[in-house]
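Q: Provided below are the primary sequence and the corresponding predicted coordinates.
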Amino acid sequence: MDRARLCTQMRLPPELQAKGDMVAVQENPANAHGVTSAPSIPGLEPPSLALPIGKMWANGRTLRVKILNGSSKVKGKIQEYGNQWTQFANIKLQWVTSGDADIRINVDNSGGSWSYLGTDNLLIAQDTHTMNFGWLTDSTAENEFSRVIVHEFGHALGCIHEHQSPTASGIPWNRPAVYEYYLRTQGWDKAQVDNNLFNLYSASSTQFSAFDDKSIMLYAIPAELTTNGYSVGWNTILSATDKSFISTAYPFQSTPDVNSFNTLELRPADQPRLLHTKRFTWTTSYSQAPKLALGLNWLDIGRSSNPRIMAFHQDTTTTKTDIHIDSYADTTVYSAGVSWFRHAANDPDFQSGSWSTTEDHPWDKPKTVTQKQITFPRAYASAPKVIVWLTHIDVNNGANFRVRATVSDITRTGFKLNLDTWADSTLHVATASWIAYPTGKAGVASGSFSTDDVRKWDQPRLLTSGKANFPSGTFTKTPNVIVALNMIDSERWTNLRVKSSASAVNKDGLTWHLDAWADTVLYRAGASYIAWV
Ligand SMILES: [Zn+2]
């Protein structure tokens, strides 16, 4: 096979990046949260642009695909091999010949094959193609049709190059040989080689498989380009991991109600504003308005004023709620996100509530430590499980942004809620929501994790992750999971950017993530999760 025939992954131009992030989250909220399924995301963009956003389409979507030219044989092959993904992904390809299309395919002899990724396609003008096949003709070999077409449709569905997956760091590249090889065979300079080969996507907000050297999304790796003779030939068909990955990203089984909201669903990150609201409806029927416990899961707030952010629900009825993410005064909110857990108001097991430091003291009389005895509306038979999430913070920017919600002294009748800061920080307001349920309740698990579990506070990193195991036997299938923040300790000289999420959820446990991005220095962060079936 011609070694010169390589695909390049198309990236949006920088001026479209913020809009692309917004469109991605509008299309599929999981692109912001990674709780269910989100793809790998670019981690080595210019820092100011590096929002940790995925590019997956809404699950179940029908994509209109238009082939602009090419022989009838080549068009037929594009449909045949493009459709292969849809056997394993809950995505339909509707082949159209007129009108607007989500994916527009050009066939030429330019020598270049490429595609935009997933929802990035929505940012490209209708009069421009989004995918190119630069060497397909009626005499192309069958396995070459398969190799190139299946690969490009992987990009169109949001898949990145496997050799740039977060788990590809083990490829023993002989870097000088790689630079020389691609300069000679492709005319690529060092930056192009870095962009197409070496730059790995970030593991933040992602669901990705272990490195798969059978993946259709992998370049061939000639032995001359590695330090120890490791090599991979051209893969020409979907691997088992490709199939399972895409079926996890686009599952055929029904998905639960959306239980998260990010301001990026309403406007791009570079157009900050104070007030955000969105309506959500239930698929469950209730006899009275359900209870919601909210938790902030994502913050990107300017450092030049006090970080002030609050999430709450309003006008909640038996069919819907309005979720708000608001700020006030001179705070700059670039983006923020919230998750919520919902239960029937008369549920025999779940109880929830919310409490704010403003019920103890005013914002301008701040305290370092605030403790409140919370009494359950109904006592439990024995001490229940309780988790807490932050829903409102207002921290002075004269010192580092430190706030923490914890639970102590849980008994069958109640618990102590602690809303604290520490060191020289000033906490004007903190509000937390709480959720309680009987210890040992079937089909439910919860827990807390923090960066302290895996690293020291004085070794800040952008990406911190770890494993949480559910108590054995709790689940026989993959549960729903909601994660939100309960602790933040971030440097005052950089924007407050932090997000909590879970990936690789299965019946046994999950991988948690507490991440920052751009130039933020995140000393510590903590979160709690609840999982249920
Ligand atoms: Zn490619």
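A: It's in.
Q: Buried residues, stretch 364-379. List them.
A: Within stretch 364-379, the residues that qualify as buried are 366, 370, 372, 374, 376, counting by 16 or more other Cβ atoms under 10 Å. (C-beta placed from N, C-alpha, C; glycine too.)
Q: Mind checking which of those are in strands?
A: 370, 372, 374 (DSSP state E).
Q: Reformat these as TSV; add distance to Arg404 and pLDDT.
A: Formatted as TSV, these follow (distance: Cβ to Cβ, whole Å; pLDDT from 0 to 100):
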residue	distance to Arg404	pLDDT
Thr370	11	98
Lys372	14	98
Ile374	16	98
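Q: Check what pLDDT Gly187 gets.
A: At Gly187, the predicted lDDT confidence score is 86.
Q: Numbering from 50 from now on, please.
A: Okay, using 50 as the starting number, the last item reads as Gly236.
Q: Roughly how far does it sit from Val242?
A: 11 Å (Cβ to Cβ, to the nearest Å).
Q: now swap in Leu315 and tell me
A: In this view, Leu315 and Val242 are 39 Å apart by Cβ to Cβ.
Q: One more: Asp398?
A: Note on Asp398: its distance to Val242, by Cβ to Cβ, is 57 Å.
Q: in the protein, which helix has the most residues?
A: Ranked by residue count and defined by DSSP state H, the top helix of the chain is helix 191-205.
Q: Residues contacting that helix, please?
A: With contacts defined as Cβ atoms under 8 Å, 6 or more residues apart in numbering, helix 191-205 is touched by 50, 54, 56, 58-59, 112, 126-127, 129-131, 133-134, 152, 162-167, 170, 179-180, 182, 184-185, 265-266, 283-287, 291, 295.
Q: Just want to know which of Asp398 and Val242 has more residues nearby.
A: Val242 (19 against 15; other Cβ atoms under 10 Å).
Q: and the more buried one, what does it touch?
A: With contact set as Cβ under 8 Å, 6+ apart, Val242 has these partners: 227-228, 231-232.
Q: rerun at 6 Å
A: By Cβ atoms under 6 Å, 6 or more residues apart in numbering, Val242 lies in contact with 228, 231.
Q: if I look at it, how far off is Val74?
A: Val242 is 31 Å from Val74, where distance means Cβ to Cβ.
Q: How about Gln320?
A: Counting by Cβ to Cβ, the gap from Gln320 to Val74 is 14 Å.
Q: Looking at these two, which one has more neighbours?
A: Val74 (28 against 12).
Q: before we move on, what SS does the residue lying closest to that one once chain neighbours are set aside have?
A: Among residues not flanking Val74 along the chain, Leu313 sits closest, at 4.1 Å (Cβ to Cβ, 6 or more residues apart in numbering). Look at Leu313: counting by DSSP: H, G, I helix; E, B strand; the rest coil, its state is helix.
Q: I'd say Leu313 and Met71 touch.
A: Yes - counting by Cβ atoms under 6 Å, Met71 is a contact partner of Leu313 at 5.1 Å.
Q: Identify the residue spatially nearest to Arg573, adjacent ones excluded.
A: Looking at Arg573 with Cβ to Cβ, 6+ apart, the closest residue is Asp538, at 3.9 Å.
Q: ok, back up a step: report the buried members of the contacts of helix 191-205.
A: Using 16+ other Cβ under 10 Å, the buried ones in those are 54, 56, 58-59, 112, 126-127, 130-131, 133-134, 152, 162-167, 170, 179-180, 182, 184-185, 265-266, 283-285, 287, 291, 295.
Q: Show me the helices in the protein, by range?
A: Here the chain has its helices, by DSSP H, at 66-76, 79-82, 121-131, 191-205, 224-235, 239-242, 289-298.
Q: The helix or strand bottoming out on mean pLDDT in the chain - contacts with which helices or strands?
A: Of all helical and strand segments in the chain, the minimum by mean pLDDT, DSSP states H and E falls on helix 79-82, at a mean of 75. Here helix 79-82 touches helix 66-76, going by 3 or more Cβ pairs under 6 Å, 6 or more residues apart in numbering; DSSP states H and E.
Q: Need the contact partners of the helix it packs on.
A: For helix 66-76, the external contacting residues (Cβ under 6 Å, 6+ apart) are 61, 80-81, 98, 100, 102, 104, 107, 168-169, 171-172, 311, 313-314, 317-319.
Q: one more time with 8 Å
A: If you take Cβ under 8 Å, 6+ apart as the criterion, helix 66-76 is touched by 61, 80-81, 94, 98, 100, 102-107, 167-169, 171-172, 311, 313-320.
Q: Quick one: mean pLDDT for it?
A: pLDDT averaged over helix 66-76 gives 88.
Q: just how off-centre is it within its chain?
A: 12 Å (Cα atoms, centre = their mean, to the nearest Å).
Q: Check stretch 279-290 too.
A: How far stretch 279-290 lies from its chain's middle: 27 Å, per Cα atoms, centre = their mean.
Q: How about stretch 430-439?
A: Taking Cα atoms, centre = their mean, the mean C-alpha location of stretch 430-439 is offset from the chain mean by 27 Å.
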